[in-house]
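[1] from the sequence below, what's the structure:
(chains A and B)
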Amino acid sequence: MSKNLVIVESPAKAKTIEGYLGQGFTVKSSFGHVRDIPRKGMGIDIENDFTPKYEVSEDKKKVVAELKKLTKAAETVWLATDEDREGEAISWHLYETLGLEKKETKRITFNEITKTAVQNAIENPRKINIDLVNAQQARRVLDRLVGFELSPVLWKKIKPSLSAGRVQSVTVRLIVEREREIRDFNSTASFKVKAEFVLNGTVIKSDLGKSFKTEEETLNFLNQCAASDFEINNIEKKPAKKSPAPPFTTSTLQQEASRKLGYSVSRTMSVAQKLYEAGRITYMRTDSINLSQTARNGAEAEIKKAYGNEFSHPRVFKTKTKGAQEAHEAIRPTSFAVHSAGNDSSENRLYDLIWKRAIASQMSEAKLEKTTVKIAGSRIQELFTARGEIILFEGFLKVYLEGKDDENDDVDSDNEGIFPPMKKGDALSVKMIEATERYTRPPARFTEASLVKKLEELGIGRPSTYAPTITTVQKRGYVTKDEIDYKIRNYGQLTLKNGEIKTKQLTENYGGDKNKLHPTDIGTVVNDFLVENFEGVLDYNFTASVEKEFDDIAEGLMNWTEMIKKFYNPFHTKVENTLEHGERQSGERVLGETEKGEDILVRIGRYGPMAQIGRTSEDENDPKPRFSSLMKNQSLETITLEEVMDLFKLPKDLGSHEGHEVIVSNGRFGPYIKYDEMFVSIPRGEEPLDVDLPRAIELIKAKQEADAPIYEYEGLPVQKGSGRFGPFIKWNDMFINVNKKYDHDNLSDEDIVELIEVKKQKEIDKVIHNWEEEGIRVEKARWGRFNVIKGKTKIELPKTTKAEKLTLEEVKAMIEKAKPAKKKPAKKKPATKKKTTKKK
DNA sequence: CAGTGAGCGAGCTTCCGCTTGACTT
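    This is a model prediction of the structure:
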């Protein structure tokens, strides 16, 4: 047993550091926080100075037990968790749970993992900083109070199981408000003019500073152009510089990987995690843009070697990010000498991006020369402008240029670089002048990455939570990335060529989006409710202002329970008031009424957004209201009366085909055709009301073909398909992923047999118990957990379960206990039976 | 939940941050 036990947060870090410390030191990891407020219940003694009740988290019991054992054997325990608020708290929780009062305990920190930094830390130990710990407790308690008091208000006033919190609710707010900006945006059109001139055989592209409101004005202008002589009016040359961006933080890595590689933020994180575990890059959850001295030296050496001395320009970057805690370095390669790394192409590409960005940050500026040429026409007032840029010295551009989010930028008339020799007064001939009608564009919807950028600017959330937050708001149904259909509009184009003006009418798509975040109806209703009643917490500056107070607590200038009390008292009063007086919210909008005077309205129902004709009345003899779900691409805020009336035209009987009825309807998964026990989805963009019988039969046939078995194995059909996790084959109710190794379109019979056999063996391997006569199985499940399965009932058991030792009796008892919790809809009462066919 | 949109109402849901995990349709 080793004399010294060092505890860090991450196992990969533990491995590295153990190498630096050598004999006499054992380095272990806590895997993050080990203790927390219980998952269920408030877990805070509000009456008693907000004392939090802490317990070792279920999935950390094993880790804690092992650390306890090692602690006993060690002479000195070194708490080497991160140097920020959460890290300090982890150390304190370890101190408390491992019983370190009786031990020689030292707190050490380093914000870079280099040999000198680690050895330095060992020579300069300190004590746990309880002020910093208290700042973390305040953060934790505040988040629990906000989350667990606001959520129940939503359950009562809107819908059960909803959630609210300091971070997620503001995230949703950003998306809801952006959508409203887009909806309310007044798009105006104007004619933008571009021209191509020729000088000594070279084409010069340019554009006009002014745009024209009407076609008439534009035509007039082009007529003047046709009668004009053009000449160079002015030439201006200006030197310019470009500097490299700092190395990556979590947020900027997510943005660039999204722009340049098309990765989602969670994919970026999991690919980066692999590179980190392989020792290729430094820690990927960081808000720092700082590089260690060792790293800067490494970069300098590599730049000089690979590109030459003149390309090297060592730099130290200072963060401007609000609330940055800088417990780690920026994200960089562990060795700059390694130009390429990773086990597959996604790892390769991300590593390449990280390497280039970090290297570029230590390289010289690029030197440019920008040229602006003004061109005048004899019969027009306005000047055309041509711009060019020449690179005099590449500098960092040799390896890397930061991407841009697409902006409202129609200017693509920049010349590639060099203009032909020219002087003021030179005559130009017109190759073409083109005026195109362009609409102003509303702000862009957020992508995952641009949302992360915004959150970081507001100081909301942390590197470790950006990706999970985006998942949460989607999982709660507040936000989706569903495709938004394009609309079509006309625009005009006037072209002057060879002295002749031609007019064209063209069409373009607009308003559609793919992979962009937008709110659902429930997200919008929840947001409006929260903003109206809890403006303080939903304020974009709420986090920033409490962060300031956390800083004061960390400095020892403020008492944490005082701070929480000051927040909680008015907040809690507001919660109580809202519970008592707040109205139930359903996002209801009355769109009109029928001839009989019944309301036609839309609102959120038990199963989502719906339309309704008539109201439920007290009198049982009154007719029941009619209901219909909204289509996926419709929303409460924008649906029209006409669209609502169309909904009630479904289900629609199209007639029959080969002895079976063909019915068009709208369901949980969108519009579909029902035909002989078979459901066929109607493709996106196709109006269900426009589908006629021949089209329906076409779709049915296509589906039958796609579903046709591709093989038969042990008497059961094998089908193929493509789902959320890529291509699969289906056999005997099992989904079997077909990985890239196979050609999914042309699977051979041998491939199919192999895939099935491998899957079958996997299924057998994960079974721990199988009581066949009872129909009960115990199987291995994800995260080291176990599942008890009986028919459709599935109970998840924690990791710590000794699954092998479970007896049938114990398992049966579990199933019994679990049953009442599983709410099963009541059996259909014969009394509510409806007619099976609508037609008489 | 791919025909729904109440029900008597019990008992449930929920936060943010720090880690890794390696399954799912």
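[2] would you mind listing what in the stretch 51-200 of chain A touches DNA strand B?
    A:82, A:84-87, A:140, A:143-144, A:146-148, A:151-152, A:155, A:160-169 (CB under 7 Å from any atom of the strand). Yep, even glycine has a C-beta here, placed from its N, CA and C like the rest.
[3] ok, of those, which come out buried?
    The neighbour-count test (16 or more other CB atoms under 10 Å) marks A:82, A:84-87, A:140, A:144, A:146-148, A:162-169 as buried among those.
[4] just those residues: which are in helices?
    Taking DSSP state H, the ones among these that sit in helices are A:85-87, A:140, A:144, A:146-148, A:168-169.
[5] please name the nearest non-neighbouring residue to the residue of the stretch 401-550 of chain A found nearest DNA strand B.
    Relative to DNA strand B, the nearest point of the stretch 401-550 of chain A is A:R462 (2.9 Å; CB to the nearest atom of the strand). Nearest residue to A:R462, sequence neighbours excluded (CB to CB, 6 or more residues apart in numbering): A:D287, at 7.5 Å.
[6] just the pLDDT for that neighbour.
    Note on A:D287: pLDDT of 96.
[7] what's the answer for A:K159, then?
    At A:K159, pLDDT is 92.
[8] which stretches in the stretch 501-650 of chain A count as helices?
    A:521-533, A:535-538, A:542-554, A:560-581, A:641-647 (DSSP state H, counting those that start in this stretch).
[9] follow-up on the earlier one: ok, the residue nearest to A:R462 - contacts?
    Each residue near A:D287 by CB atoms under 8 Å, 6 or more residues apart in numbering is listed here: A:249-251, A:319, A:321, A:324-326, A:456, A:462-463.
[10] residue of the stretch 601-750 of chain A nearest DNA strand B, please.
    Nearest residue of the stretch 601-750 of chain A to DNA strand B (CB to the nearest atom of the strand) works out as A:G723 at 2.2 Å.
[11] I'd assumed A:F735 was in contact with that residue.
    Yes: using CB atoms under 8 Å, A:G723 is in contact with A:F735, at 7.4 Å.
[12] need the contact list for A:I600.
    For A:I600, counting by CB under 8 Å, 6+ apart, the contacting residues are A:590-594, A:611-613, A:641, A:644-645.
[13] make a PyMOL selection of the buried ones in those.
    Remark: buried members of these, expressed as a PyMOL selection using 16+ other CB under 10 Å:
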select buried, chain A and resi 591+611+612+613+644
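[14] would you turn the contacts of A:I600 into TSV with pLDDT and distance to DNA strand B?
    Formatted as TSV, those follow (pLDDT from 0 to 100; distance: CB to the nearest atom of the strand, whole Å):
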residue	pLDDT	distance to DNA strand B
A:V590	93	16
A:L591	93	17
A:G592	92	20
A:E593	90	18
A:T594	90	18
A:A611	93	9
A:Q612	92	8
A:I613	92	11
A:L641	94	18
A:V644	93	13
A:M645	93	16
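[15] what parts of the stretch 451-600 of chain A come near DNA strand B?
    A:460-465, A:468-469, A:472, A:476.
[16] the strands in the stretch 701-840 of chain A, which residues?
    A:711-713, A:716-723, A:726-731, A:734-737, A:767-771, A:776-780, A:786-790, A:793-797 (DSSP state E, counting those that start in this stretch).
[17] touching DNA strand B at all, the third one?
    Yes: for a cut-off given as CB under 7 Å from any atom of the strand, strand A:726-731 has contacts with DNA strand B, namely A:F728.
[18] got the buried residues for that strand?
    For strand A:726-731, burial by neighbour count (16+ other CB under 10 Å) applies to A:727-731.
[19] helix/strand/coil for the residue nearest to A:K516 when sequence neighbours are not counted?
    Excluding its sequence neighbours, the residue lying closest to A:K516 (CB to CB, 6+ apart) is A:R445, at 3.8 Å. With DSSP: H, G, I helix; E, B strand; the rest coil as the basis, A:R445 sits in coil.
[20] got any ranges where chain A has weak pLDDT?
    Residue ranges of chain A with pLDDT under 70: A:1, A:406-417, A:724-725, A:781-786, A:790-802, A:813-840.
[21] please name the nearest non-neighbouring residue to the residue nearest the centre of chain A.
    Taking CA atoms, centre = their mean, the centroid of chain A lies closest to A:E448, which sits 3.7 Å from it. Take A:E448 and drop its neighbours on the chain: the residue closest to it by CB to CB, 6+ apart is A:V265, 4.7 Å away.
[22] ok, back up a step: what's the residue of the stretch 601-750 of chain A closest to DNA strand B in contact with, if anything?
    Contacts for A:G723 (CB under 8 Å, 6+ apart) come out as A:F735.
[23] alpha carbons only: can I get stretch A:102-110 in CSV?
    C-alpha atoms of stretch A:102-110 as CSV (Å, rounded to 0.1, in the frame of the first residue of the first chain):
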residue,chain,number,x,y,z
LYS,A,102,-8.3,12.1,11.6
LYS,A,103,-6.0,12.0,8.7
GLU,A,104,-3.1,14.0,7.4
THR,A,105,-5.0,15.8,4.6
LYS,A,106,-3.7,18.2,2.0
ARG,A,107,-5.5,20.2,-0.6
ILE,A,108,-3.6,20.8,-3.8
THR,A,109,-4.5,22.3,-7.2
PHE,A,110,-3.1,22.7,-10.6
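[24] so which of the contacts of A:I600 are in strands?
    In strands, defined here by DSSP state E, the members of the contacts of A:I600 are A:590-593, A:611-613.
[25] closest one of those residues to A:I752?
    A:A611 (46.1 Å; CB to CB).
[26] against A:I682, how distant is that closest one?
    Distance of A:A611 to A:I682, computed by CB to CB, to the nearest Å: 19 Å.
[27] same thing with A:G523?
    A:G523 is 26 Å from A:I682, by CB to CB.
[28] who has more neighbours out of the two?
    Per other CB atoms under 10 Å, whichever of A:G523 and A:I682 has more neighbours is A:G523, with 23 against 20.
[29] excluding its backbone neighbours, what's nearest the more buried one?
    Take A:G523 and drop its neighbours on the chain: the residue closest to it by CB to CB, 6+ apart is A:Y478, 3.3 Å away.
[30] same thing with A:K780?
    Nearest one to A:K780, counting by CB to CB, 6+ apart, is A:K766 at 4.3 Å.
[31] repeat that for A:L145.
    Spatial nearest neighbour of A:L145, chain neighbours left out: A:Y568 (6.0 Å); criterion: CB to CB, 6+ apart.
[32] neighbours of the one you found, how many?
    Neighbourhood size, A:Y568 [other CB under 10 Å]: 20.
[33] and it, what does it touch?
    A:46, A:50, A:145.
[34] restricted to buried residues, select those in PyMOL.
    A single PyMOL command selects the buried members of these (16+ other CB under 10 Å):
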select buried, chain A and resi 50+145
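[35] out of the contacts of A:Y568, flag the one nearest to DNA strand B.
    A:L145 (8.0 Å).
[36] show me the contacts for A:P717.
    Neighbours of A:P717 in contact, by CB under 8 Å, 6+ apart: A:709, A:711, A:731.
[37] just grab the bridge partners of it for me.
    A:E712 (DSSP bridges).
[38] measure it to A:G723 for me?
    Counting by CB to CB - A:P717 and A:G723 are separated by 18 Å.
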